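[1] for reference, the sequence and a predicted model appear below.
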Amino acid sequence: VDIEAQITVSYLEIYNEKIRDLLDVTREDLPIKESEEDGMKEVNVVGCKEMTVNQPADVMRYMERGNGARVFAATKLNQSSSRSHSVFVVRIKQKNKTDFTTSSSRLYLVDLAGSERVAKTEVTGDQLTEATNINRSLTTLGLCIKNIIEKKHVPYRDSKLTRLLQDSLGGNSRTVLVLACSPALYNADESVSTMRFGANAKKIKNRIKANKERTPAELKKINAKLEKRGKEVDMYVKELEIRLAQCNQLAFVLGHGRHQDIFKANDAILKAIVPGEADVGSVMAPVMAPPVLARRPSAAGLLDLSG
């Protein structure tokens with residue numbers, strides 16, 4: 001199969017509830033908007049730079065470049081503590097040159113800043129503000145996961161992080177979560193909280209499907225099949241109406257007619273039950289009609305003519 005593919009990458013940072021482009025640090029406070037592409041609704045960051053890549057080395061180069069622009073600071077617990085969440089996005093678009101169908105997918109690599117206890121980190125000033133925003137966004141993330149499981153309203157818009165990860169949490173996606181825990185007893189509370197977070201996230205069950213756009217030729221084939229099926233249904237409905245009219249006529253004869261009329265009614269029943277070869281019902285029967293009798297029953301078996 002002849003496939004043409006285009007792969008692009010972008011790198012974003014969520015710092016103090018503001019999104020900035022790590023591949024172009026001049027682009028700050030970027031907005032999030034929902035758009036529709038290839039028939040699928042997507043949550044995208046408007047204005048971020050997308051770089052085309054041709055080999056794995058290109059991907060690693062842009063990732064290292066973005067890492068150099070991230071915000072880090074030293075705390076009492078970590079000399080190089082990340083003060084933001086980062087999202088590395090790989091977008092893949094494929095086009096089949098044989099049947100001209102297109103498909104698209106996105107891979108999100110997310111680095112979540114760890115939750116902080118101010119009593120342990122002893123941060124102040126700007127770092128205290130950073131810690132507050134980090135904890136708030138992680139709390140919202142946990143609430144979104146909980147509400148997805150319980151099928152309640154999900155507050156995606158309460159945080160830039162959850163809004164950006166909306167498709168990854170409850171959308172058309174497969175999500176893998178890697179938890180970082182400390183073996184030290186000093187960090188036992190944080191480790192337990194992290195494990196509970198992961199256990200809840202594991203309960204989310206997404207139904208996924210391929211993001212595929214059909215070609216006009218494929219849509220024409222589907223439309224032709226539906227039209228054919230519609231005509232078959234119309235023919236069967238008409239046949240049922242004919243049989244219903246025959247049964248109504250028979251009921252009238254049985255209530256008011258004579259013996260010779262009953263014999264005529266028997267013939268009407270036989271024609272209704274065992275249609276002829278040219279009958280519409282015989283054409284429709286293999287498709288959707290209920291099975292008919294294999295052999296023609298005798299007239300005496302239909303109506304009791306004794307007495």
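    Cool, the structure landed. Numbering: from 1, shown residues only.
[2] residue contacts, the residue nearest to Ala131 when sequence neighbours are not counted?
    Nearest residue to Ala131, sequence neighbours excluded (CB to CB, 6 or more residues apart in numbering): Glu116, at 4.5 Å. From N, CA and C alone the C-beta is placed, and that goes for glycine too. If you count contacts by CB atoms under 8 Å, 6 or more residues apart in numbering, Glu116 has them with 75, 123, 131, 134-135.
[3] ok, so of those residues, who is nearest Lys18?
    Among the contacts of Glu116, Ile134 lies closest to Lys18 (CB to CB), at 12.9 Å.
[4] coming back round to it: redo the contacts of Glu116 as TSV? Include distance to Leu169.
    Output for the contacts of Glu116, formatted as TSV (distance: CB to CB, whole Å):
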residue	distance to Leu169
Thr75	28
Val123	29
Ala131	23
Ile134	18
Asn135	19
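[5] neighbour-wise, give me the winner out of those residues.
    Ile134 (25 neighbours; other CB atoms under 10 Å).
[6] quick check: which element contains that residue?
    For Ile134, the element it lies in under DSSP states H and E is helix 126-150.
[7] so where is this protein shaky, pLDDT-wise?
    The chain contains residues with pLDDT under 70 at 1, 37-40, 74, 76-80, 210-215, 250-307.
[8] show me where this protein has its strands.
    With DSSP state E as the criterion, the chain has strands at 3-15, 18-21, 32-37, 40-45, 51-52, 72-73, 81-82, 85-96, 102-111, 212-213.
[9] helices and strands around the third one, which ones?
    What it means is strand 32-37. Packing partners of strand 32-37 (3 or more CB pairs under 8 Å, 6 or more residues apart in numbering; DSSP states H and E): strand 40-45, helix 160-164.
[10] got the angle between the longest one and strand 85-96?
    What it means is strand 40-45. 140 degrees (axes from the mean of the first three to the mean of the last three CA atoms, to 10 degrees).
[11] alpha carbons of strand 40-45, as CSV, please.
    Output in CSV follows, covering the C-alpha atoms of strand 40-45 (Å, rounded to 0.1, in the frame of the first residue of the first chain):
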residue,chain,number,x,y,z
MET,A,40,-13.3,14.9,14.5
LYS,A,41,-13.5,17.5,17.2
GLU,A,42,-10.2,18.4,18.8
VAL,A,43,-8.9,20.6,21.6
ASN,A,44,-5.9,22.6,20.3
VAL,A,45,-3.6,25.4,21.4
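[12] what helices and strands are in contact with it?
    Applying 3+ CB pairs under 8 Å, 6+ apart, we find strand 40-45 packed against strand 32-37, helix 160-164, helix 166-170.
[13] so which of the ones you listed gets nearest Lys203?
    helix 166-170 (11.9 Å).
[14] I'd guessed Arg70 sits against Leu12; true?
    No. Arg70 is beyond contact range of Leu12, at 10.5 Å (criterion: CB atoms under 8 Å).
[15] more neighbours, the two?
    The neighbour count for Arg70 versus Leu12, taken as other CB under 10 Å, is higher for Leu12 (26 against 17).
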